[in-house]
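A.B. asks: build me a structure from this.
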Amino acid sequence: MLTSSGPKVLEYNVRFGDPETQAILVRLQSDLFQVFQAMIAGNLREVSVEWSNQSSACVVLASAGYPGAYKTGLPFQAGPLGTNNNLQVFHAGTTQSASGDLLTSGDAFWA
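C.D. replies: Modelled structure (predicted):
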């Protein structure tokens, strides 16, 4: 974020498990393995990394009480997702009941 006193970093995530990574990597059109190989070999400047121009968003929902004690087994609805064929939804920390409802089962879930 650019401020009057210069750039400031609010948070910097580098783990590939972070939900923010999912929103970014779905836009990557290059072969991620080749990018990693170039990084290891020290020749990343020789690799063309291509990105999609499509939009991507990350929304994180967490059960009440997170990151402390939180309830699990709570039903939730993602809402209408439309009919966009390019839509991808990721969620974690969830389970499905016998009747098909989505329930919280972990510390966080995202879509």
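A.B. asks: can you list the domains in this structure?
C.D. replies: With domains defined by automatic domain parsing, the chain comprises 1-57, 59-111.
A.B. asks: going by mean pLDDT, which of the ones you listed comes out lowest?
C.D. replies: Among the domains of the chain, domain 59-111 carries the lowest mean pLDDT, at a mean of 77.
A.B. asks: related to what we said a few turns ago, quick check: which of the domains of the chain is buried the most?
C.D. replies: domain 59-111 (a mean of 12; mean count of other Cβ atoms under 10 Å). In this view, the C-beta of every residue, glycine as well, is placed from N, C-alpha and C.
A.B. asks: how far does it sit from the chain's center?
C.D. replies: 13 Å (Cα atoms, centre = their mean, to the nearest Å).
A.B. asks: now do stretch 31-46
C.D. replies: Chain-centre distance of stretch 31-46: 23 Å, with Cα atoms, centre = their mean.
A.B. asks: would you mind pulling the contact partners of it?
C.D. replies: Leu25, Val47, Val49 (Cβ atoms under 8 Å, 6 or more residues apart in numbering).
A.B. asks: at 10 Å what do you get?
C.D. replies: Phe16, Leu25, Leu28, Ser30, Val47, Ser48, Val49, Glu50 (Cβ atoms under 10 Å, 6 or more residues apart in numbering).
A.B. asks: stretch 93-107 too?
C.D. replies: With Cβ under 10 Å, 6+ apart, stretch 93-107 has contacts from 61-68, 70-78, 91-92, 108-111.
A.B. asks: quick one, strands of the chain?
C.D. replies: For the chain, the strands defined by DSSP state E cover 2-3, 6-7, 60-61, 75-76, 94-96, 102-104, 109-110.
A.B. asks: packing partners for the third one?
C.D. replies: Applying 3 or more Cβ pairs under 10 Å, 6 or more residues apart in numbering; DSSP states H and E, we find strand 60-61 packed against strand 109-110.
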